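**Student:** Got a predicted structure here, sequence first:
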Amino acid sequence: PPSSLVIVQMDTMMNQETKVVLADTFPAKAHLLITYLTQNKPAVCTFSPDGASFYIYDQAEFAQTLSHYFKHKNYGSFVRQLNLYGFNSSRLKDKNDVVEWKHDNFHRDRKDLVNNIKRTKKSKSSSSKPSHVVHVDRRASSP
């Protein structure tokens with residue numbers, strides 16, 4: 001089923017801003033956020049020219065916009081979610097302070113692909129017992 005995205009325009013004399021009321025997944029909310037910033041605050045964050053990735057230029061200002069789409073302003077939490085959803089990061093060669101994020105199903109012009117982005121599962125090897133430990137049955141009789 002298509003992703004449910006609802007945007008409410010807050011338009012009063014005192015406060016004029018767009019708030020996202022409902023987006024059903026982290027990737028859908030992230031796509032809305034990056035689209036908004038690309039159009040309204042390109043000094044903070046933009047999609048790349050080809051739309052296949054996005055750049056974060058100003059992490060502090062980016063964090064201030066998070067609460068319009070998420071329940072926090074914590075940049076580290078946003079990065080953790082990107083990693084959990086399989087996004088890859090790198091630094092731009094000519095601008096080492098700019099972070100580029102990429103996912104095959106996260107594209108400026110293909111919002112429909114966002115539904116294909118799934119949170120990665122925790123592996124069983126991350127349990128309390130290391131995978132290289134072998135259980136030895138001490139009840140067995142010795143030779």
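**Tutor:** Structure's in. What do you need?

**Student:** Pass me the low-pLDDT residue ranges in this protein, would you?
**Tutor:** Within the chain, the stretches with pLDDT under 70 are 1-23, 123-143.

**Student:** Spatially nearest residue to Thr38 (excluding sequence neighbours)?
**Tutor:** With sequence-adjacent residues excluded and distances taken as C-beta to C-beta, 6 or more residues apart in numbering, Thr38 is closest to Thr46, at 4.5 Å. C-betas here are computed from N, CA, C, even on glycine.

**Student:** That neighbour should be in a strand, yeah?
**Tutor:** Yes: under DSSP: H, G, I helix; E, B strand; the rest coil, Thr46 sits within a strand.

**Student:** wait, it sits on Tyr36?
**Tutor:** No: counting by C-beta atoms under 8 Å, Thr46 sits too far from Tyr36 to count as a contact (10.9 Å).

**Student:** what is in contact with the two at once?
**Tutor:** Listed as contacting both Thr46 and Tyr36 by C-beta atoms under 8 Å, 6 or more residues apart in numbering is no residue at all.

**Student:** Neighbours of Tyr69, how many?
**Tutor:** 21 (other C-beta atoms under 10 Å).

**Student:** Now for Leu61: which residues touch it?
**Tutor:** Just so we're on the same page, residue 61 is Glu rather than Leu. Here Glu61 is in contact with Lys41, Ala43, Val44 (criterion: C-beta under 8 Å, 6+ apart).

**Student:** ditto for His107
**Tutor:** Contacts of His107 (C-beta under 8 Å, 6+ apart): Gly51, Ala52, Leu113.

**Student:** Could I get these in JSON lines, plus columns for distance to Gly76, neighbour count and secondary structure?
**Tutor:** Shown next, in JSON lines, are the contacts of His107 (distance: C-beta to C-beta, whole Å; neighbours: other C-beta atoms under 10 Å; DSSP: H, G, I helix; E, B strand; the rest coil):
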{"residue": "Gly51", "distance to Gly76": "26", "neighbour count": "13", "secondary structure": "coil"}
{"residue": "Ala52", "distance to Gly76": "25", "neighbour count": "16", "secondary structure": "coil"}
{"residue": "Leu113", "distance to Gly76": "26", "neighbour count": "15", "secondary structure": "helix"}
